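Asker: Return atomic coordinates for the entry below.
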Amino acid sequence: MAFETVKEFPLANIVRVEIETEEQTPKQYRLTDVYSEAEVTAVISEGEEQELRVKNVIKAQNMREDIVKGYDIRLVAVTMVPEVLALIDGGTLTYDSMDPNKVVKYDAPPVGSPVQRKKFTLHIYTEEKDVNGDVVSYVKFTYLHCTGRPVNYTLQDNAFFVPEFTIRSRPKSGEKPVTIEFLDQLPA
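Answerer: Next comes the predicted model:
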């Protein structure tokens with residue numbers, strides 16, 4: 001039996017995060033040097049093991065596999081981006097009447113009512129590193145049909161504001177829960 005040679009990818013850093021809303025006229029956000037951490041956790045429907053046991057003998061087992069339903073993603077930001085905060089938290093932004101690009105206020109969704117958050121696709125880019133620290137290539141992780149959850153954050157004396165975003169990615173039936181692409185360079 002011959003063993004296959006495989007390529008390893010030593011990955012480091014979050015070099016870019018892209019968010020594209022899934023609406024009639026999508027909004028796109030390209031964020032660099034914004035996120036310090038992305039924790040991705042599989043959400044599964046747990047399978048079962050049912051055994052047929054007679055006294056001290058196992059006669060048979062009926063096993064059902066775990067099934068992936070999607071991922072929960074926790075992004076830790078190092079700066080505030082009001083548009084992303086509003087998308088993930090589900091609130092609304094108010095813009096300056098004289099300067100339509102200047103945000104003047106964010107209102108969280110009202111308590112006690114369900115929130116209709118917009119769905120979006122999330123792309124997280126990392127770097128493949130060489131022994132000398134150079135960037136060899138990039139790896140892009142894509143999660144479909146994401147929705148945000150209420151945002152957690154820390155306000156602390158003598159420290160920077162640190163928002164923490166929790167995102168649920170739940171693909172439709174037959175779609176892949178994650179796509180990982182290996183790229184020679186970052187898309188322009």
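Asker: Read off the pLDDT value for the residue nearest to G148 when sequence neighbours are not counted.
Answerer: Using CB to CB, 6 or more residues apart in numbering and skipping the chain neighbours, the partner closest in space to G148 is I88 (3.1 Å). (C-beta placed from N, C-alpha, C; glycine too.) Looking at I88, its pLDDT reads 94.
Asker: pLDDT (mean, whole number) over the helix or strand harbouring T147?
Answerer: Using DSSP states H and E, T147 sits in strand 135-148. What strand 135-148 shows for mean pLDDT is 97.
Asker: Could you do stretch 113-127 as well?
Answerer: Mean pLDDT, computed over stretch 113-127, is 95.
Asker: And it, end to end?
Answerer: Start-to-end span of stretch 113-127 (CA to CA, to the nearest Å) is 41 Å.
Asker: Identify the residues contacting it?
Answerer: Applying CB atoms under 8 Å, 6 or more residues apart in numbering, the external contacts of stretch 113-127 come out as 11-23, 35, 38, 73, 87-88, 90, 109, 135-148, 167, 169, 186.
Asker: Which elements pack onto the helix or strand harbouring the residue nearest to G148?
Answerer: Per DSSP H and E, I88 falls inside helix 82-89. Contact here means 3 or more CB pairs under 8 Å, 6 or more residues apart in numbering; DSSP states H and E; on that basis helix 82-89 packs against strand 11-21, strand 28-31, strand 92-95, strand 103-107, strand 135-148, strand 162-169.
Asker: Tell me which residues of the second one come out buried.
Answerer: Neighbour-count burial for strand 28-31, counted by 16 or more other CB atoms under 10 Å, picks out L31.
Asker: ditto for the fourth one
Answerer: For strand 103-107, the buried set under the neighbour-count rule, 16+ other CB under 10 Å, comprises V103.
Asker: Contacts only, for K105.
Answerer: 93-94.
Asker: so what pLDDT did it get?
Answerer: If you check K105, the pLDDT there is 96.
Asker: For it, give its distance to P26.
Answerer: 24 Å (CB to CB, to the nearest Å).
Asker: Over to M80: give its phi and psi.
Answerer: Backbone geometry at M80, expressed as degrees, to the nearest 10, gives phi -100, psi 130.
Asker: does it really touch F160, like I thought?
Answerer: No: using CB atoms under 8 Å, M80 makes no contact with F160, being 9.5 Å away.
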